[in-house]
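Novice: Here's a sequence, model it:
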Amino acid sequence: MSTKTHKKEKLPFRVIKNGLEPADHYTVERLRARKYHIGDLIFAELTKPRNPQFNKLVHQFGALVAENIEGFSGLAAHDVLKRLQLEGNIKCSEITLIFPGMGPCAYRVPDSLSFESMDQGEFEEVFTAFCRYVSDKYWPGMEEKEIKRLAEIMD
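Specialist: Predicted structure coming up:
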C-alpha cells in the first residue's frame, strides 16, 4: 500500500500595519476557493522566502569544493552539497533500520534545501555549517569566513 504525501500549498502575503494581506490576485482566488471568510480563525506557518542570490552562492560554494578538493572533483555543485550534508550530518534526518542478525542501524538522509523547504535564516545556518565542516575536515588552515569569501568571488 502506498501513500502519497501532499505538500501544503504556500501562498504569498505582504506584511501591512497590524496584519497580512494577499500579495497577488492568485492568492486572493485561492483563499476564496478554500472558503476563508473575514473573521475566520486559521492557522499558518510563516516563512520569509530565500534570496535567490544566496542560492547561487551556495552552489558557487559547491563548485569551489569540486574544483579544489580532490575527493569531490568531477561532481556537480548540487552533488557536492548533498555529499557534504551526509558527511557532516548537516540538515539530515536519521532513520533506524533493523537488519536481521545485525540489529538496528542508523541511516542518514539529507533533507531538501529547496526554496519551499526552508526560509532564509535556516538556509544561512546550513551554509555556515557547510563552510565550518569544510574548514574543519578539508581545509583546516582556513576559517569558515574565508571559505565564504572564496565562494562569493566564484563565478
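Novice: Listing partners with orientation, what would you give for the host helix or strand of I95?
Specialist: Per DSSP states H and E, I95 falls inside strand 92-99. Looking at strand 92-99 with DSSP bridges, its paired strands and their directions are strand 103-110 (antiparallel).
Novice: show me where this protein has helices.
Specialist: In the chain, the helices defined using DSSP state H lie at 25-33, 52-68, 77-88, 120-137, 144-153.
Novice: residues contacting L81?
Specialist: Residues touching L81, when contacts are defined by Cβ atoms under 8 Å, 6 or more residues apart in numbering, comprise V58, H59, F61, G62, L113, F130. From N, CA and C alone the C-beta is placed, and that goes for glycine too.
Novice: looking at it, the fifth one is touching E124, isn't it?
Specialist: No: applying Cβ atoms under 8 Å, one finds L113 not in contact with E124, separated by 11.7 Å.
Novice: Have a look at those two and say which one is more surrounded.
Specialist: Taking L113 and E124 together and counting by other Cβ atoms under 10 Å, L113 has the greater number of neighbours (21 against 16).
Novice: remind me which residues of this protein are low pLDDT?
Specialist: The chain contains residues with pLDDT under 70 at 1-7, 155.
Novice: Grab the most central residue of it for me.
Specialist: By Cα atoms, centre = their mean, the mean C-alpha position of the chain lies nearest to L113, the distance being 2.3 Å.
Novice: hmm, back to that, okay, angle between the strand holding I95 and helix 77-88 too, please.
Specialist: With axes from the mean of the first three to the mean of the last three Cα atoms, to 10 degrees as the basis, strand 92-99 and helix 77-88 are set at 60 degrees to each other.
Novice: So which bits of strand 92-99 are buried?
Specialist: When neighbours are counted by 16 or more other Cβ atoms under 10 Å, no buried residue of strand 92-99 is found.
Novice: residues contacting S93?
Specialist: Contact partners of S93, counting by Cβ under 8 Å, 6+ apart, are R108, V109, D111.
Novice: Please name the bridge partners of it.
Specialist: Beta-bridge partners, per DSSP bridges, of S93: V109.
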